[in-house]
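> attaching a predicted model along with its sequence, questions to come.
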Amino acid sequence: MNPHTLIVVTGPTGVGKTAAAIALAQRLGCDIINADSRQIYRQLPIGTAAPSREEQALVRHHFVGFKDVAEAYSAAQFESDVLALLPSLWQQSSRVVMCGGSMLYIDAVCRGIDQMPDIAPAIRQAVKEKLRDEGLAALQEELRELDPAYWSQVDLKNPSRVQHAVEVCRQTGVPFSTLRTGCAKPRPFDIVKVCLNVEREQLFDRINHRVLRMMDEGLEAEAQAMYPLRHLNALNTVGYKEMFAYFDGLMDRETAIARIQKNTRVYAKKQLTWHKKDDTMNWCRPEDLLATVDNLLSLRVMESAAEPPAP
RNA sequence: GGUCGGUUGGAUGAGUGGUUUAGUCAUCGGUCUGCAAAACCGGGCACAGCGGUUCGAAUCCGCUACCGACCU
């Protein structure tokens, strides 16, 4: 049994992760690692419902607002950033809470992501242009030649996947599939995962209200300030893309708000779909988080006590 | 009482005598190890009811019901 435990608190957007995680971290006397791919950016506090100043004063948060939207970031970088930070956190507490809704980021920390080279900008650009000029079929064809194994299993209709695979093939000169192990990396700490959830109707209600609150808090101005940077990936985000469409005159304000609500609901469902597949996931209501974690931690102690002593 | 118009899936709303009845919104399910709040895939007794014409009707005809407009 590892001396340290990472407690992952996740769940659909708007379910109430932030408050629950803060209560948990206060109780355990530990810090919180943010696992939300958009709260990472400092210019998006309102639209991403990032923990407020007051909330961050209660518990120290890591990786909230620590990047500029212009900076590229990814799940792989998150993995290494978190792994680099953890040792110092273990010094003050045997438990650390990681809270956020970005499934891939959480997986990257819990299981690891296969080593993949960075893609040279020139290659990324070339592949992007090929997709744009020659179409998806051309990219599919290239992938079939470079990596028939991956070609036969990938969702060929998904441009992002095809594009990425081709990029990696071109970058490395070897088939993308040979770099994919699918193996979980061992971690020098235990992991307990909890997904918060409430009834669907209640969740959607919370989401709809939260979007309206964001508008009251100034989401429009926040998006307005980002408008010149709208092409950045960090801004290909629910709440911003709809506002940009509104600014461009593609839809009226009311429609944009409704669209944000809708897309947020869709995102929440996607998160639930993802977590449902995870057998290591524990589920509870936000208000039951503390009790649930207590239970899980004591269970772990009992299990380990039952193990025969190491020789 | 009469004339005319309408009745399409959860909502809205096109449409046409013939294997699949659009679209939009809403909703449900799924995929996903590198831009992931991204990208992608899929699902739903729909044509008011009854009868008739027809090889075939949601599409044509008749009656019934309901809604609306107008007339007396």
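Arrived safely, thanks for sending.
> how about the residues of the stretch 51-200 of chain A that lie near RNA strand B?
With the criterion set to Cβ under 7 Å from any atom of the strand, the stretch 51-200 of chain A comes near RNA strand B through A:72-77, A:101-105, A:107, A:111-116, A:118, A:124, A:128, A:155, A:157-161, A:163-164, A:180-184, A:200. Any C-beta I mention is one placed from the backbone N, CA and C, and that applies to glycine too.
> now do A:I260 against RNA strand B, distance only.
9 Å (Cβ to the nearest atom of the strand, to the nearest Å).
> which ones are touching that residue?
A:211, A:238-239, A:242-243 (Cβ atoms under 8 Å, 6 or more residues apart in numbering).
> 6 Å instead?
A:211, A:239, A:242 (Cβ atoms under 6 Å, 6 or more residues apart in numbering).
> secondary structure element holding the last one?
In this assignment (DSSP states H and E), A:E242 forms part of helix A:241-247.
> packing partners for that helix?
helix A:253-276 (3 or more Cβ pairs under 6 Å, 6 or more residues apart in numbering; DSSP states H and E).
> please state the offset of the helix or strand following the helix it packs on from the chain centre?
Per DSSP H and E, the first helix or strand lying C-terminal to helix A:253-276 is strand A:281-284. Relative to its chain's centre, strand A:281-284 lies at 18 Å (Cα atoms, centre = their mean, to the nearest Å).
> please apply the same query to stretch A:128-143.
On Cα atoms, centre = their mean, the centre of stretch A:128-143 falls 28 Å from that of its chain.
> what's the answer for stretch A:68-77, then?
With Cα atoms, centre = their mean, you get 12 Å for stretch A:68-77.
> one step back: of the contacts of A:I260, list those near RNA strand B.
A:G239.
> let me see the ranges of the strands in the stretch 1-150 of chain A.
Taking DSSP state E, counting those that start in this stretch, the strands of the stretch 1-150 of chain A run over residues A:5-10, A:32-34, A:61-62, A:95-99.
> show me how chain A divides into domains.
A:5-114+A:183-306, A:121-179 (automatic domain parsing).
> need the winner for burial among those domains.
domain A:5-114+A:183-306 (a mean of 18; mean count of other Cβ atoms under 10 Å).
> so for chain A, the centremost residue is which one?
A:S102 (1.8 Å; Cα atoms, centre = their mean).
> pLDDT value on it, please?
Looking at A:S102, its pLDDT stands at 97.
> where does A:A221 land in three-state SS?
Classification of A:A221 by DSSP: H, G, I helix; E, B strand; the rest coil places it in helix.
> measure it to RNA strand B for me?
17 Å.
> related to what we said a few turns ago, now the residue nearest to the centre of chain A: closest residue in space that isn't a chain neighbour?
A:S37 (4.1 Å; Cβ to Cβ, 6 or more residues apart in numbering).
> quick one: the one you found and A:K67, what's the gap?
Per Cβ to Cβ, to the nearest Å, A:S37 is found 10 Å from A:K67.
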